[in-house]
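Engineer: quick one: sequence and predicted model below, then my questions.
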Amino acid sequence: MLTTTQNDPSAAAPVGIAPSGHRLPAATRLGRVRLQVADLERSLAWYQRVLGMRVLDRQAVEATLGAHGDDEPLVVLRERRGARPVPPRGRLGLYHYALLLPDRPPLGAFLLHLATSGERAGASDHLVSEALYLNDPDGLGIEVYADRPRDAWQVQDREISMSTVPLDAQGLAVAARTTVWNGMPAGTRVGHVHLHVGDIAAADAFYHQGLGFDRVVWSYPGALFLSAGGYHHHLGLNTWAAHSPAATEDDARLLDWEIALPDRAAVEATAASLRAAGHAVEAEAGEATASDPWGTAVRLAARPA
């Protein structure tokens with residue numbers, strides 16, 4: 001079981017392997033993801049009908065989506081007409097981004113919603129969480145999940161125990177109780193991003209030693225999971241599409257994802273760590289952007305919880 005200090009996000013998590021230099025603050029969370037899609041109208045219709053997201057802002061070629069009852073942006077869709085869909089084998093770049101629901105009942109309600117909508121979805125139990133998996137009209141991967149309580153997570157030799165086992169769909173549906181799916185509920189946020197990378201060691205050098213995430217799961221086949229503050233993962237990295245090309249400007253893809261840091265000093269310290277590790281960083285208006293070795297961009301922004 002996790003210790004009580006891990007239930008306190010301000011405490012140093014007694015799990016995982018910290019980087020040797022800069023370490024992201026325990027209060028680190030994720031902000032919005034920005035995606036390139038082939039047809040904005042098609043994507044908006046799907047994101048509203050299937051995921052139940054709300055349009056917060058709409059421009060000619062871009063729309064910002066969030067949960068109902070919240071004004072925090074979760075997903076930005078930017079149109080590039082004719083962008084190529086993600087092939088079945090995937091591309092280096094996005095594997096999936098994950099929307100974290102506040103608790104288990106709305107995930108059960110979402111499962112029932114999918115069953116009546118005819119939308120195909122995968123399902124897994126990861127021990128620390130229960131998850132449903134979909135692909136949007138461009139083939140971009142999406143996970144919708146709910147965490148188990150932190151005091152139920154198992155840790156062995158500082159590594160959080162994660163696996164992929166069959167989901168108890170019947171139990172999850174029962175957990176919905178009287179909850180009806182009326183769209184993404186208030187409190188939904190981007191919980192993690194999972195990327196296809198070409199090499200775990202190079203990805204570790206960028207995201208662990210450069211950016212400052214802790215390693216928290218390193219025994220999962222072909223994958224590495226990183227986080228701040230003892231979370232089971234804010235970032236997943238895998239080599240399951242290592243022989244595929246990287247997504248290009250002509251592809252449906254992840255344009256960038258955002259790490260929300262508690263203050264501007266944390267942004268500057270993280271940017272300095274990346275530069276010291278030999279990575280180019282662009283800074284503008286108190287924010288910073290860098291790209292990993294396969295061209296996936298991450299944006300650092302000061303956004304207190």
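Structural biologist: Now that the structure is in, tell me what you want to look at.
Engineer: list the buried residues in stretch 178-196.
Structural biologist: Neighbour-count burial for stretch 178-196, counted by 16 or more other CB atoms under 10 Å, picks out 179, 181, 183-185, 188-196. Quick note: C-beta positions are derived from backbone N, CA and C, even for glycine.
Engineer: and which of these is nearest to Gly16?
Structural biologist: His192 (14.7 Å; CB to CB).
Engineer: so that closest one: helix, strand or coil?
Structural biologist: Three-state call for His192 (DSSP: H, G, I helix; E, B strand; the rest coil): strand.
Engineer: same question, Arg299
Structural biologist: Under three-state DSSP, Arg299 comes out as strand.
Engineer: before we move on, back to that, of the buried residues of stretch 178-196, which is the nearest to Gly52?
Structural biologist: The closest of these, once distances to Gly52 are taken by CB to CB, is Gly183, at 3.2 Å.
Engineer: in a strand, the closest one, correct?
Structural biologist: No: counting by three-state DSSP, Gly183 is not part of a strand but coil.
Engineer: about what we covered before: may I ask which two of the buried residues of stretch 178-196 are separated the most?
Structural biologist: It's Thr179 and His196 that sit farthest apart of the buried residues of stretch 178-196, by CB to CB, at 33.8 Å.
Engineer: in the stretch 51-200 of the chain, which spans are helices?
Structural biologist: 104-117, 169-175, 200-204 (DSSP state H, counting those that start in this stretch).
Engineer: quick one, which of those is nearest to Thr239?
Structural biologist: helix 200-204 (6.0 Å).
Engineer: helices or strands up against that closest one?
Structural biologist: Applying 3 or more CB pairs under 8 Å, 6 or more residues apart in numbering; DSSP states H and E, one finds that helix 200-204 contacts strand 223-227, strand 235-238.
Engineer: and that helix, how far out from the chain's middle?
Structural biologist: How far helix 200-204 lies from its chain's middle: 18 Å, per CA atoms, centre = their mean, to the nearest Å.
Engineer: following it in sequence, what is the next regular element?
Structural biologist: Next helix or strand after helix 200-204 toward the C-terminus (DSSP states H and E): strand 214-217.
Engineer: low-confidence stretches in the stretch 201-305 of the chain?
Structural biologist: Along the stretch 201-305 of the chain, the model assigns pLDDT under 70 to no residue.
Engineer: ignore the last one, the stretch 1-150 of the chain
Structural biologist: Using pLDDT under 70, the flagged stretches of the stretch 1-150 of the chain are 1-13.
Engineer: and the strands in it, which stretches?
Structural biologist: 29-37, 54-58, 62-66, 75-79, 93-100, 122-125, 129-135, 141-147 (DSSP state E, counting those that start in this stretch).
Engineer: now the ones you listed as TSV including mean neighbour count?
Structural biologist: Formatted as TSV, these follow (neighbours: other CB atoms under 10 Å):
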stretch	mean neighbour count
strand 29-37	22
strand 54-58	14
strand 62-66	20
strand 75-79	21
strand 93-100	23
strand 122-125	16
strand 129-135	21
strand 141-147	22
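Engineer: output those as a markdown table; include the columns distance to Arg158.
Structural biologist: Converted to a markdown table, those look like this (distance: least, CB to CB, whole Å):
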| stretch | distance to Arg158 |
| --- | --- |
| strand 29-37 | 22 |
| strand 54-58 | 40 |
| strand 62-66 | 36 |
| strand 75-79 | 33 |
| strand 93-100 | 23 |
| strand 122-125 | 23 |
| strand 129-135 | 20 |
| strand 141-147 | 20 |
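Engineer: nearest to Asp251, of the ones you listed?
Structural biologist: Per CB to CB, nearest to Asp251 of the strands of the stretch 1-150 of the chain: strand 29-37, 7.3 Å.
Engineer: tally of neighbours for the closest residue to Trp46 other than its chain neighbours?
Structural biologist: Leaving aside its sequence neighbours, Trp46 sits nearest to Pro137 (CB to CB, 6 or more residues apart in numbering; 5.2 Å). Pro137 has 16 neighbouring residues, counting by other CB atoms under 10 Å.
Engineer: who are the contact partners of Pro137?
Structural biologist: Pro137 sits next to Val37, Ala38, Asp39, Arg42, Ser43, Trp46, Pro85 when contact means CB atoms under 8 Å, 6 or more residues apart in numbering.
Engineer: give me that answer again for 10 Å
Structural biologist: Val37, Ala38, Asp39, Arg42, Ser43, Ala45, Trp46, Tyr47, Val50, Pro85, Ala252 (CB atoms under 10 Å, 6 or more residues apart in numbering).
Engineer: ok, Ala173 next?
Structural biologist: Here Ala173 is in contact with Leu107, Gly108, Ala109, Leu111, Leu112, Ala115 (criterion: CB under 10 Å, 6+ apart).
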